[in-house]
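Provide a 3D model corresponding to the input given below.
(chains A and B)
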Amino acid sequence: MNKDSQGALWEVFVQKKPGQPYVHCGNLHAFDAEMALQNARDVYTRRNEGTALWVVPSASIVASSPEDIGPFFEPANDKVFRHPTFYKLPKEIKHM
Amino acid sequence: MTKQEALFNYCLRLADTSLILAQRNAEWCGHGPFLEEDLALTNLSLDLIGQANSIYQYAAQVEGKARNEDDLAYHRSEREFLNTLIAEQSNGDYAKTILRQFFCDTFDFYFYAELVKSKDETLSAIAEKSIKEITYHLRHTSSWVERLGDGTEESHTRMQDALNEIWRFTGEMFEMNEVDTILIKEGIAVDLNSIKSKWESKSKEILDRATIKIPANAFMQRGSREAKHTEHLGFILAEMQSLPRALPDAKW
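Numbering: from 1, shown residues only, chains lettered A, B, ... in the order given. Prediction:
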């Protein structure tokens, strides 16, 4: 950590209401977990954005890399039968 | 002094303290040690301004002279302000700003918890709303006092210097006068003796964890209950009030 460091990076996830998924909303600097949580509250929930927070050290996120686009995701392109488009869905189901 | 005069004075004491402290903290806006903390302190200022606004509105109503909250904030002079001396002290470095806020937060935390029980319904409702904000402020500032005090050699020295400088302004926060006597009898005001030991033990707990020591010299500066201030308040008001005094009808 160099002298000008503002602390490690943390990723912030906000839950809008109980029961809903935590959605990634950005990141911030902090020196430890408590500070990360307080900073997340001050930076990302000032305007009623949510009622619960997760903060995760950015270094703990395991991410796919841009080179993975081909082998990871493209094989899904030509397999239309994997999509539920051949079924009639009831109107009540909005998010399929 | 009538009950009405006492209540007006009491409201000004609370609102002025919140407003002046908010104005001081707001001087950090854009200059905080890093982005996240800059936002945190500005949020805190906005909470304090919100509290001041509600109490000024009530004060204006109690006074009954057709003044509003802006008149009370922007068109009174230094010798009419009743904010505590600690609130008007200069920002100094971040250690001093945080320690000043910590002492005020600790006071407010216990004070507003008692004010909730006030027989005055408006003050009780304002206290109930404020206590949630203050609980967060105290959590934030106490973790910073501990972090800086028990941090590097430099941050420790700065925190100790800050304590040596502002400790003497903490005594008069608990001073009571005729206003308190009248309002305590009515079940409206908080008996400050009842929260003093809580404030002391909470402060001591955090200062111990921060490894900084309360100065041995027990001299306490006083004066704000008679609207006698340190040299800082005049400068704060000059800046804060300049626009509404130059353009009295200015609208957002």
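
In three-state terms, how would B:Ser90 be classified?
coil (DSSP: H, G, I helix; E, B strand; the rest coil).

who touches the residue nearest to it when sequence neighbours are not counted in this structure?
Distances taken as C-beta to C-beta, 6 or more residues apart in numbering or on different chains put B:His232 closest to B:Ser90, at 5.8 Å, once the chain neighbours are dropped. Where C-beta positions appear, they are placed from N, C-alpha and C, glycine not excepted. B:His232 is in contact with B:88-90, counting by C-beta atoms under 8 Å, 6 or more residues apart in numbering or on different chains.

10 Å instead, please
Neighbour list for B:His232: B:20, B:24, B:85, B:87-90 [criterion: C-beta atoms under 10 Å, 6 or more residues apart in numbering or on different chains].

Now pLDDT and neighbour count too, for those, in CSV please.
Below are these laid out as CSV (pLDDT from 0 to 100; neighbours: other C-beta atoms under 10 Å in any protein chain shown):
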residue, pLDDT, neighbour count
B:Ile20, 98, 28
B:Arg24, 98, 21
B:Leu85, 98, 26
B:Ala87, 98, 28
B:Glu88, 98, 27
B:Gln89, 98, 22
B:Ser90, 97, 16
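
just the residues of the stretch 101-250 of chain B that are near chain A, which are they?
Neighbours of chain A within the stretch 101-250 of chain B, by C-beta under 10 Å from any C-beta of the partner chain: B:136, B:139-140, B:143-144, B:147, B:151.

So which of these sit within helices?
B:136, B:139-140, B:143-144, B:147 (DSSP state H).

now the helices for the chain?
The chain I'm using is chain A. A:33-44.

You answered for a different chain; I wanted chain B.
B:3-26, B:35-63, B:69-74, B:85-88, B:94-115, B:121-149, B:153-166, B:178-185, B:193-209, B:232-246.

So for the last one, what gets flagged as buried?
Okay, so that is helix B:232-246. Judged by neighbour count (16 or more other C-beta atoms under 10 Å in any protein chain shown), helix B:232-246 contains these buried residues: B:233, B:236-237, B:240.

nearest to chain A, of these?
B:Met240 (23.3 Å; C-beta to the nearest C-beta).

Verify the stated contact: that closest one with B:Tyr74.
Yes - using C-beta atoms under 10 Å, B:Met240 is in contact with B:Tyr74, at 7.5 Å.

separation between the closest residue to A:Gln15 other than its chain neighbours and B:Arg24?
Excluding the flanking residues, the one nearest A:Gln15 by C-beta to C-beta, 6+ apart is A:Ala52, at 4.1 Å. Per C-beta to C-beta, to the nearest Å, A:Ala52 is found 33 Å from B:Arg24.

ok, now B:Asn43?
B:Asn43 is 15 Å from B:Arg24, by C-beta to C-beta.

Same question for B:Ser45.
In terms of C-beta to C-beta, B:Ser45 sits 8 Å off from B:Arg24.

Which residues are in contact with each of these two?
With C-beta under 10 Å, 6+ apart as the test, B:Ser45 and B:Arg24 both reach B:Gln101.

Quick check, pLDDT for A:Met96.
We have a pLDDT of 58 for A:Met96.

And for B:Asp208, the neighbour number?
Neighbour count of B:Asp208, defined by other C-beta atoms under 10 Å in any protein chain shown: 14.

contacting residues for it?
Taking C-beta under 10 Å, 6+ apart, we find B:Asp208 in contact with B:146, B:149-150, B:214.
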